Each structure stands twice: as C-alpha cells, then as structure tokens.
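Enquirer: Dropping the sequence and predicted coords here.
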Amino acid sequence: MACQEWPEPVIRVQTLSESGITSIPKRFIKPQFQRPTKTIASPNKTSPNVDNIYIPVIDMQHLYGGDKKLREETLQHISDACKGWGFFQVVNHGVSHELMNCAREVWREFFHQTLEVKEVYANSPSTYEGYGSRLGVKKGAILDWSDYFFLHYMPSSLKDQAKWPTLPTSLRNVIDEYGAEVVKLGGRILEIMSINLGLREDFLLNAFGGESDLGACLRTNFYPKCPQPDLTLGLSPHSDPGGMTILLPDDYVSGLQVRRGEDWVTVKHVPSAFIINIGDQIQVLSNAIYKSVEHRVIVNSNKDRVSLAFFYNPRSDLLIQPAKELVTKDRPALYPPRTYDEYRHYIRTKGPAGKAQLVESSTSQT
Ligand code: OGA
Ligand code: NI
C-alpha cells in the first residue's frame with residue numbers, strides 16, 4: 001500500500017519561484033555529481049557536454065501513404081530509433097496542431113491561476129491524482145524543481161472528470177478530446193512496434209489489456225523559472241515505468257535531456273511533433289530488444305516550461321513478461337513476470353531513481 005500523506009509539508013515550486021527569491025532552498029540543491037553540468041562518466045569534471053541535437057524524426061504519413069518502399073524504409077527508421085535511442089519524434093501524426101496548442105495552453109492557464117484555485121486539487125501519494133509537487137515519499141529527499149497535475153484517462157473505471165480542474169472552463173473538454181486523439185496515435189505506434197519486433201500487429205496492445213482495458217494517464221509538468229538552474233533539476237533521471245510515453249513538449253523552451261551513453265543530450269524537437277519514448281514495460285515485453293532510456297529535465301532562469309506527458313500503459317494488474325516469441329535458448333527471458341502496479345509502486349515511493357526499478361531475473365528461463 002502506498003502511504004496516504006506526504007512526509008513533509010508540501011512546497012509549491014511555482015510559489016517559491018514567484019516569490020522572487022534569488023537563491024534556492026537547500027531542499028532543491030542536488031549533490032555535485034547530479035548537477036546539470038556534470039558528465040556521467042566523470043562526475044568530478046565540469047563539462048557542458050550537452051548539445052542541442054535532433055532525435056530521429058519520423059514522418060508517419062509515409063506509413064499510410066500506399067508507397068510500399070517508403071513504408072518499409074520508415075518501419076526500419078523507427079526500428080533503428082527504438083533500438084538505438086529509445087526516443088524518437090513523430091510528425092504528420094494525425095493529431096490536430098490546434099488541439100495540441102489548446103491542450104498545452106489550457107494547462108499553462110491552469111497553472112497561472114491563484115494558489116487557492118489549484119490547492120483544491122492537492123494530491124496525496126495514495127493515488128497521485130491531482131495537483132502535486134513531488135514524486136516519492138522519502139522524508140528529507142532532495143526535491144525536483146517542478147509542479148504537476150496528474151489525471152487518469154483510461155480505463156474508464158478510473159477516469160473521473162470530477163477530479164479534473166473546472167477552470168479554465170474549456171479544460172475538461174479540451175483534455176478529453178486531446179486524450180482520445182493521443183490514445184489513437186498510441187495504438188498506431190504500438191502496432192508499428194509489434195510489427196517491427198516480428199510479432200502480430202496487435203501483440204503489444206493485447207499485452208496491455210486491449211483497447212478498452214489499457215491504462216492511460218496524463219501528467220502535465222510545470223517547470224517554473226529557477227534563479228539557480230545549475231544547482232538543481234526539473235525532473236531527476238528516470239526511465240518511464242509504463243509502456244510508452246507520448247510527450248508534448250513546450251514549443252518555446254527546451255529542457256528535456258536524454259541519456260546517450262555517458263552524455264546527456266538536450267532534445268531539440270520539430271515544432272508540433274510529439275516525442276515518443278519506450279517505457280520499462282516495453283523493455284520487458286520485448287525482452288530488452290527495446291530499452292527504456294533514462295532522461296531528465298533541466299530548468300532555466302528566464303522562462304517557465306510546460307510539458308504534457310501522456311503515459312500509455314498496460315492495465316495495472318496484468319502480468320507483464322517477455323513475449324514467448326522473443327525468448328530463445330540464446331536469449332533467455334531476462335525478466336520475471338511482474339505487474340505494472342509493482343513497478344509503479346517503486347517510483348511512487350522512492351521517487352525518480354534512474355532505472356533502479358527494472359531488475360533482471362536472476363534465474364532466467366527459456
Ligand atoms: C516525464 C518526463 C519530460 C519533460 O514526465 O516522465 O520525462 O520534458 N517529462 O517534461
Ligand atoms: Ni519521463
């Protein structure tokens with residue numbers, strides 16, 4: 001059971017940021033080796049080893065345009081990105097750009113309301129639903145420089161619009177519509193991944209519990225301006241525990257960094273693209289042919305940043321294990337069967353902690 005209450009009084013990072021402080025409280029200061037300017041390989045060396053580079057761009061139109069060769073090439077491109085990066089971005093993805101902008105702006109407006117309006121939705125660690133400011137319940141933990149709003153979109157038994165903000169007045173409708181479109185997009189991408197893994201095209205969706213039972217939730221992250229961005233992180237290194245994440249980044253402010261070997265690479269994205277990344281459950285189902293990749297978020301002193309992370313997950317009580325088709329004598333099952341609930345419990349109590357929740361089976365079986 002997750003605990004019912006936070007271990008310490010909640011600090012809203014946005015309130016801190018807007019109070020005009022010029023130095024950040026100790027609670028947010030990361031140890032030297034975790035700060036944004038440190039490399040992974042030589043944590044004592046200061047090195048701005050971060051480049052603004054484009055992660056692979058996939059034009060989804062090529063998948064459905066009727067040109068077989070173009071489709072094959074695009075499938076290959078996606079396969080390479082899944083194996084080599086764990087991250088890619090999609091354009092011509094079918095979701096209206098206007099709807100994407102509305103969704104982002106309606107959340108930006110939500111966060112710019114008074115604290116009183118937002119506190120009505122204050123969340124607790126038992127479900128995480130609502131307005132929150134930390135992940136994990138470890139007392140005395142060093143905190144990340146962000147606030148968020150977390151809501152369930154699927155399955156319908158967990159979707160409760162009464163827990164979604166009433167203001168701005170358009171929020172519920174916009175997010176409902178946005179969720180429906182993003183779920184459709186997620187289904188298409190899951191199909192492509194299944195095909196690329198040599199599985200039936202509905203394999204991953206079925207493993208997630210099928211169209212009506214899969215889990216989908218939205219976490220809108222708000223990263224306030226930070227007077228000392230070199231001392232902290234907006235979100236500490238983690239892999240996403242679920243199936244796959246469909247991220248709508250801020251079109252104006254960058255901040256997402258992806259781990260590439262020993263480097264942190266700042267992601268540059270094409271405007272109106274979605275960023276897709278592999279979560280732990282697809283790593284398990286694919287028997288590590290695809291891997292979830294660690295990422296983190298850096299903040300800056302000039303601009304707030306808003307991102308919408310839509311998590312496309314298995315139903316939480318299903319056992320997830322490597323696909324039989326991908327388990328061979330030479331490549332035994334790397335993970336024991338576990339439910340998504342078990343993985344999620346880890347990040348929900350310990351907070352973001354790299355990939356520590358993904359343990360390989362010690363007694364691998366074929
Ligand atoms: C997340 C996440 C990245 C971002 O919410 O899990 O990694 O750019 N967000 O906000
Ligand atoms: Ni993430």
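Expert: Arrived safely. Numbers count the residues shown, from 1 in each chain. Ligands and ions are numbered 1, 2, ... in the order given.

Enquirer: Could you use CA atoms for every contact and neighbour count after this?
Expert: OK.

Enquirer: so where do the helices sit in the protein?
Expert: 13-18, 61-64, 68-84, 97-111, 115-119, 171-196, 203-207, 280-285, 340-350 (DSSP state H).

Enquirer: quick one: which of the ones you listed is nearest ligand 1?
Expert: Among those, the nearest to ligand 1 by Cα to the nearest ligand atom is helix 340-350 (10.9 Å).

Enquirer: Need the mean per-residue confidence for the closest one.
Expert: Taken as a whole, helix 340-350 has a mean pLDDT of 85.

Enquirer: That helix near ligand 1 anywhere?
Expert: No: on the criterion Cα under 6 Å from any ligand atom, helix 340-350 is out of touch with ligand 1, staying 10.9 Å away.

Enquirer: ok, Pro25 - how many residues close by?
Expert: 9 (other Cα atoms under 10 Å).

Enquirer: Kindly state the pLDDT recorded for it?
Expert: 97.

Enquirer: about what we covered before: would you tell me which one of the helices of the chain is buried the most?
Expert: Among these, helix 280-285 has the highest mean neighbour count (mean count of other Cα atoms under 10 Å), at a mean of 27.

Enquirer: Which strands or helices does that one pack on?
Expert: strand 319-320 (3 or more Cα pairs under 8 Å, 6 or more residues apart in numbering; DSSP states H and E).

Enquirer: can we see that at 6 Å?
Expert: Applying 3 or more Cα pairs under 6 Å, 6 or more residues apart in numbering; DSSP states H and E, we find helix 280-285 packed against no helix or strand.

Enquirer: ok, residues contacting it?
Expert: The contact list for helix 280-285 (Cα atoms under 6 Å, 6 or more residues apart in numbering) reads 241-243, 290-292, 321-323.

Enquirer: Reformat those as TSV; add neighbour count.
Expert: TSV is the format used below for the contacts of helix 280-285 (neighbours: other Cα atoms under 10 Å):
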residue	neighbour count
Pro241	28
Gly242	25
Gly243	25
Tyr290	25
Lys291	23
Ser292	28
Gln321	21
Pro322	21
Ala323	17
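
Enquirer: Just the closest of those residues to ligand 1, please.
Expert: Pro241 (8.8 Å).

Enquirer: quick one: contacts for that closest one?
Expert: So Pro241 contacts 279-280 (Cα under 6 Å, 6+ apart).

Enquirer: let's go with 10 Å and repeat that
Expert: 278-283, 292, 311, 313, 340-347, 352, 355, 357-358 (Cα atoms under 10 Å, 6 or more residues apart in numbering).

Enquirer: For Val253, see how far away the nearest residue to Val106 once chain neighbours are set aside is.
Expert: Leaving aside its sequence neighbours, Val106 sits nearest to Leu171 (Cα to Cα, 6 or more residues apart in numbering; 5.9 Å). Noted for Leu171: a distance of 22 Å to Val253, by Cα to Cα, to the nearest Å.

Enquirer: tell me, how many neighbours does Ala141 end up with?
Expert: Neighbour count of Ala141, defined by other Cα under 10 Å: 16.

Enquirer: show me the contacts for it.
Expert: Neighbours of Ala141 in contact, by Cα under 10 Å, 6+ apart: 7-8, 27-28, 134-135, 350-351.

Enquirer: How confident was the prediction at whatever residue of the chain ends up closest to ligand 1?
Expert: When scored by Cα to the nearest ligand atom, the chain has Leu256 as its residue closest to ligand 1, at 4.4 Å. Per-residue pLDDT puts Leu256 at 96.

Enquirer: Leaving aside the residues adjacent along the chain, what's closest to it?
Expert: With Cα to Cα, 6+ apart as the criterion, Leu256 has its nearest non-adjacent residue at 4.5 Å, and that residue is Val297.

Enquirer: give me the beta-bridge partners of that neighbour?
Expert: Using DSSP bridges, the beta-bridge partners of Val297 come out as Leu235, Leu256.

Enquirer: Would you check that it makes contact with Leu233?
Expert: Yes: in this structure, Val297 is within contact of Leu233 by Cα atoms under 10 Å, at 6.1 Å.

Enquirer: Who has more neighbours out of the two?
Expert: The neighbour count for Val297 versus Leu233, taken as other Cα under 10 Å, is higher for Leu233 (27 against 22).

Enquirer: Just among the contacts of Ala141, which is most surrounded?
Expert: Arg134 (27 neighbours).

Enquirer: So what's the residue count around Tyr54?
Expert: For Tyr54, the count of nearby residues is 14 (other Cα under 10 Å).

Enquirer: Skipping its backbone neighbours, what lies nearest it in space?
Expert: Among residues not flanking Tyr54 along the chain, Lys268 sits closest, at 4.9 Å (Cα to Cα, 6+ apart).
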